[in-house]
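**Q** the following block contains a protein sequence and its predicted model.
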Amino acid sequence: MDEQRTGTGVDTGAEPVAETPATPVGAGTGREKGREEGREEGDEGRTSPSRVPAWLRTVGRGWRHPRLRWPKRVALALVVTVVLSLLTAGIALRVNYAGDPASGTRTRDRDALWMGHAWVDGRKKDADVKALARRLRTTGIRDLYVHAGPLEHDGTLPESAYPKARRLVEAVHRELPGVRVQAWLGDVLATEGEVGMRLERAATRAAVVRSAGQILDAGFEGAHFDLEPLHSGDSNYLSLLDDLRHVTRAHDAQLSVAAHQIDPLPNLHSVFGAFTAHPKWWSQSFFGQVARRVDQIAVMSYDTALPLESLYGGYVAEQTSLALEVTPKSTDLLMGLPFYYEDNMDHHGSAETVAAAVRGTRLGLSRTDRTREHFGVALYVDFAAREKDWTAYEEGWVR
């Protein structure tokens, strides 16, 4: 950084210059006047070399060393590459959000709604079910993912967690014939910390399978699993899904999962994981492996950290296309809609809107598999939804 000096009043450490007889008393020389002004007005804007910390002077000399010429050029090239990559990605997402969705790319009456724990612990009453029915009757929602967990870290599930489950299922069948009630079960995995569920343990996976049978015996019509953070390529998770499928088929029930987003660039999860220990995305191949083992797969297409609505919508369009390419025709693919508002580093509420997610979903569907029937959206989450979220869903997707 260039040092700035004020006037000519830099103290050089020399003795003051004596006044000459021709100099009026009290006037002083320009050097002395500058020095006195510096004392009176402070040292703002003036950094004396003696006041620069020794370590900073050492760093400065090291940075100017001829040996660092090429490393500095490489560092500059890396910065430019990152900036250009981000700019290119932003332009690509914005272009992906352009155009008009094709006709017919609206609800197939296979949508879903994530719902809170209050529906099974006794806080919600019959009047609440009636109000819910009035809200959902004219939508495309067919499945309700009702929180009935969480699972214990060892895979077990206390029956006390869902005391009013059967009453809820009966009430929904009465008010909304044809709508299925699935148990939403989740837990934190110990993939990025010491505490959590460990899928590498066979006993834990077996307990999860027993818990699935337990909730199906309680009246639920499906088991919806949300285990996070789940890293791409987890073979223990695939093994768990294979075992769960035997149980759900024996009960003539649904097996569904909440899925991570897909790599927007090849192997991005590996690169991201190497620097952050949180890979975030799944490879497209792994997503396909999961989709082939379940009846429904719902992409958690929110919390993207994107700052603009157009970028977020373009990202959802891309995610929709990537998921469609590897999901079997017989599996219901659902794209998540953010029915909540937050404003933080992971989720910018002004950008991640329901309207942008719906438009992005329709654009991706239009470009990739416009006539696909086993497709829908999943609304997250009922207790945080605003009226404007419902309106955007109904106007953009249902009507």
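**A** Right, received. Where do you want to start? Residues are numbered from 1 along each chain as shown.
**Q** neighbours of the residue nearest to residue 374 when sequence neighbours are not counted, just the number please.
**A** Leaving out its chain neighbours, the residue that sits closest to residue 374 by C-beta to C-beta, 6 or more residues apart in numbering is residue 332, at 4.8 Å. (Glycine included, C-beta is placed from N, CA and C.) For residue 332, the count of nearby residues is 25 (other C-beta atoms under 10 Å).
**Q** gap between residue 332 and residue 108?
**A** According to C-beta to C-beta, to the nearest Å, residue 332 and residue 108 sit 9 Å apart.
**Q** common neighbours of these two, please.
**A** Residues touching both residue 332 and residue 108 (C-beta atoms under 8 Å, 6 or more residues apart in numbering): 374, 375, 376.
**Q** so the last one is in which element?
**A** Counting by DSSP states H and E, the secondary-structure element that holds residue 376 is strand 375-380.
**Q** do residue 286 as well
**A** Per DSSP H and E: helix 284-291 holds residue 286.
**Q** export the next helix or strand after that helix to PDB, keeping only CA atoms.
**A** Sequence order places strand 296-299 as the next helix or strand after helix 284-291, per DSSP H and E. The C-alpha trace of strand 296-299 is given here as PDB (Å, rounded to 0.1, in the frame of the first residue of the first chain):
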ATOM      1  CA  GLN A 296     -41.100 -41.300  -5.100                       C
ATOM      2  CA  ILE A 297     -38.100 -39.100  -5.000                       C
ATOM      3  CA  ALA A 298     -38.400 -35.400  -4.000                       C
ATOM      4  CA  VAL A 299     -35.500 -33.100  -4.800                       C
END
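**Q** which strands or helices does strand 296-299 pack on?
**A** strand 222-228, strand 254-259, helix 284-291, helix 309-326, strand 332-338 (3 or more C-beta pairs under 8 Å, 6 or more residues apart in numbering; DSSP states H and E).
**Q** quick check, central residue of this structure?
**A** Central residue of the chain (C-alpha atoms, centre = their mean): residue 303, 2.6 Å from the mean position.
**Q** where does that residue land in three-state SS?
**A** Local secondary structure at residue 303 is given as coil here, using DSSP: H, G, I helix; E, B strand; the rest coil.
**Q** where in the protein is pLDDT low?
**A** By pLDDT under 70, the low-scoring segments of the chain are 1-50, 56, 59-63, 65, 68-70, 72-90, 267-276.
**Q** got the contact list for stretch 109-123?
**A** Residues outside stretch 109-123 that contact it (C-beta under 8 Å, 6+ apart): 124, 128, 136, 139-148, 161-165, 168, 184, 256, 296, 298, 332, 334, 373-383, 397.
**Q** those residues, buried ones only, as a PyMOL selection?
**A** A single PyMOL command selects the buried members of those (16 or more other C-beta atoms under 10 Å):
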select buried, resi 124+136+139+140+141+142+143+144+145+146+147+148+161+162+164+165+168+184+256+296+298+332+334+374+375+376+377+378+379+380+381+382+397
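**Q** export the shared contacts of residue 332 and residue 108 as JSON lines, with columns for distance to residue 345.
**A** Shown next, in JSON lines, are those (distance: C-beta to C-beta, whole Å):
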{"residue": "374", "distance to residue 345": "35"}
{"residue": "375", "distance to residue 345": "31"}
{"residue": "376", "distance to residue 345": "30"}
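**Q** nearest to residue 239 among the residues you listed?
**A** Using C-beta to C-beta, residue 374 comes nearest to residue 239 of the shared contacts of residue 332 and residue 108, at 24.8 Å.
**Q** what separation do you get for the closest one and residue 97?
**A** Counting by C-beta to C-beta - residue 374 and residue 97 are separated by 25 Å.
**Q** please enumerate the strands of the stretch 101-250 of the chain.
**A** Counting by DSSP state E, counting those that start in this stretch, the stretch 101-250 of the chain has strands at residues 111-115, 141-147, 180-188, 222-228.
**Q** which one, of those strands, ends up nearest to residue 325?
**A** Comparing these under C-beta to C-beta, the one sitting nearest is strand 111-115, at 21.3 Å.
**Q** and the angle from that closest one to strand 222-228?
**A** 70 degrees (axes from the mean of the first three to the mean of the last three C-alpha atoms, to 10 degrees).
**Q** and strand 111-115, how far from the chain's centre?
**A** Remark: strand 111-115 is offset 18 Å from the chain centroid, using C-alpha atoms, centre = their mean, to the nearest Å.
**Q** now swap in stretch 234-250 and tell me
**A** 26 Å.
**Q** list the contacts of stretch 361-373.
**A** With C-beta under 8 Å, 6+ apart as the criterion, stretch 361-373 contacts 96-97, 99, 101-102, 104-106, 108, 110, 313, 316-321, 324-325, 329, 333, 335, 337, 375, 377, 396-397.
**Q** check contacts around residue 66.
**A** Per C-beta under 8 Å, 6+ apart, neighbours of residue 66: none.
**Q** next, count neighbours for residue 234.
**A** Neighbours of residue 234 under the rule other C-beta under 10 Å: 19.
**Q** okay, and the beta partners of the residue nearest to residue 374?
**A** residue 296 (DSSP bridges).
**Q** who's in contact with it?
**A** Residue 332 touches 110, 256, 295, 296, 297, 374, 375, 376, counting by C-beta under 8 Å, 6+ apart.
**Q** check residue 336 too.
**A** Per C-beta under 8 Å, 6+ apart, neighbours of residue 336: 258, 298, 299, 300, 301, 302, 357, 377, 378, 379, 380.
**Q** so residue 93, which of the three states?
**A** Quick answer, by three-state DSSP: residue 93 is helix.
**Q** about what we covered before: so which of the helices and strands packed on strand 296-299 is the most surrounded?
**A** strand 332-338 (a mean of 27; mean count of other C-beta atoms under 10 Å).
**Q** give me the buried stretch members for the next helix or strand after that strand, please.
**A** As assigned by DSSP H and E, the chain's next helix or strand after strand 332-338 is helix 354-368. Of all the residues in helix 354-368, those buried under the rule 16+ other C-beta under 10 Å are 354-367.
**Q** give me the number of residues near residue 370?
**A** When neighbours are defined as other C-beta under 10 Å, residue 370 has 14 of them.
**Q** make that residue 95, sorry
**A** 12.
**Q** pretty sure it contacts residue 314?
**A** Yes: taking C-beta atoms under 8 Å as the definition, residue 95 is a contact partner of residue 314 at 7.1 Å.
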